[in-house]
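Asks: turn this into a structure:
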Amino acid sequence: MLMRFLPLVLSGVFVAAGAPVQRLDPGVRELTSAAAQYLADYEQQFSFLLADEVYTQQVVAGPTDGPDRRRMTGESFLTFLPGDRVWIAIHDIAEVDGHPVDDREDLKLLLQHEPVAGVARVISARNARFNIGHIFRNFNEPTLGLLVLDPRRQPQFKFTRRNLDRDGAVTLATLAFKETDAPTIVHGTDGREVFSTGEIVLEAGAGRIRRTSLQFKFGAITAALTTEFALDPKLAMWVPSIFNERYEKAGRGRELVVGEARYTNYRRFEVNARIK
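Replies: Numbering: from 1, shown residues only. Predicted coordinates:
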């Protein structure tokens, strides 16, 4: 079983004829440095955001003693907690398979009177009952992969630069990573460290993150989480748009569960949420 523990949870630019041209062969240090600078500003911009969420799950293989498909709609509250250096995603599920959630909490009211991390624990525990399949999980955070490039966590990872691609005039670099030191991003339910691997796609010059992909293995269970970022014109920033997850239990009683969350209509949260 896997769970997230909440603690509570431009270099390389040349100028020619007045137009910036990105360097085509940035190294690992150059890329991680640019990403750290980008995140320093991003963490401040990405504060108290709400988005509409459509979240689907499917049991592809495994026991069939329950529903094998599920569709949930609602809102997601996302922010960065600077004191704890963690990202928080609170999923306020309003409907499950077309039926309203009768005991739905008033998220805005909770955030006015309770600390963000405490609200995250309460809502996460409530939402877990809507998961289908038998593999326990309590994280569905599209921003989780950003922790890999946080300056304080970068020393815990070994990075390798892989391919370079072009998106118009922008050079996109893929950084592969392997978590090597504790404390790890994710822990098992027994408190053991769960080391991650994965890839991050970012803009070589600006350090802007376009895609994160993380994989974890804990016993017979493997998990893969991928987030695609897209430009939100209204906020003028790149935000999570699609989050895919895959959980598989190998061996006897094999089970495979996949999920996809789509986020739209981002806007600023309208109340003064409590941080601590």
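
Asks: does the helix ranked longest in the chain pack against any helices or strands, and if so which?
Replies: Longest helix of the chain, by residue count under DSSP state H: helix 28-45. Counting contacts by 3 or more C-beta pairs under 8 Å, 6 or more residues apart in numbering; DSSP states H and E, helix 28-45 is packed against strand 157-167, strand 170-179, strand 196-203, strand 209-218. In this view, the C-beta of every residue, glycine as well, is placed from N, C-alpha and C.

Asks: columns mean neighbour count, mean pLDDT and distance to Ile88 on top of the ones you listed, output as TSV?
Replies: As requested, these are exported to TSV (neighbours: other C-beta atoms under 10 Å; pLDDT from 0 to 100; distance: least, C-beta to C-beta, whole Å):
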stretch	mean neighbour count	mean pLDDT	distance to Ile88
strand 157-167	13	95	22
strand 170-179	19	97	21
strand 196-203	21	98	19
strand 209-218	20	96	16
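
Asks: relative to Leu31, which of these is closest?
Replies: Nearest to Leu31 among those is strand 170-179 (5.5 Å), distances taken as C-beta to C-beta.

Asks: direction included, what does that closest one pair against?
Replies: Strand 170-179 pairs in its sheet with strand 157-167 (antiparallel), strand 196-203 (antiparallel), by DSSP bridges.

Asks: list the buried residues of stretch 180-190.
Replies: Thr184, Ile185, Val186, His187, Gly188 (16 or more other C-beta atoms under 10 Å).

Asks: ugh, wrong one, stretch 120-128
Replies: Ala120, Arg121, Ile123, Ser124, Arg126, Asn127.

Asks: ok, residues contacting it?
Replies: Residues from elsewhere that reach stretch 120-128 (C-beta atoms under 8 Å, 6 or more residues apart in numbering): 6, 8-9, 88-93, 103, 105, 107, 110, 114, 136-138, 140.

Asks: strands - which of those residues land there?
Replies: Among the contacts of stretch 120-128, the members found in strands (DSSP state E) are Ile88, Ala89, Ile90, His91, Asp92, Ile93.

Asks: helices along the stretch 51-200 of the chain, start to end?
Replies: 107-113, 116-127 (DSSP state H, counting those that start in this stretch).

Asks: closest to Asp167 out of the ones you listed?
Replies: helix 116-127 (33.8 Å).

Asks: now do that closest one: distance to the chain's middle.
Replies: In terms of C-alpha atoms, centre = their mean, to the nearest Å, the centre of helix 116-127 is found 16 Å from the chain centre.

Asks: swap in stretch 121-129?
Replies: Stretch 121-129 sits 17 Å away from the centroid of its parent chain (C-alpha atoms, centre = their mean).

Asks: cool, stretch 42-51 as well?
Replies: Using C-alpha atoms, centre = their mean, the offset of stretch 42-51 from its chain centre is 13 Å.

Asks: what residues of that stretch count as buried?
Replies: Tyr42, Glu43, Phe46, Ser47, Phe48, Leu49, Leu50, Ala51.
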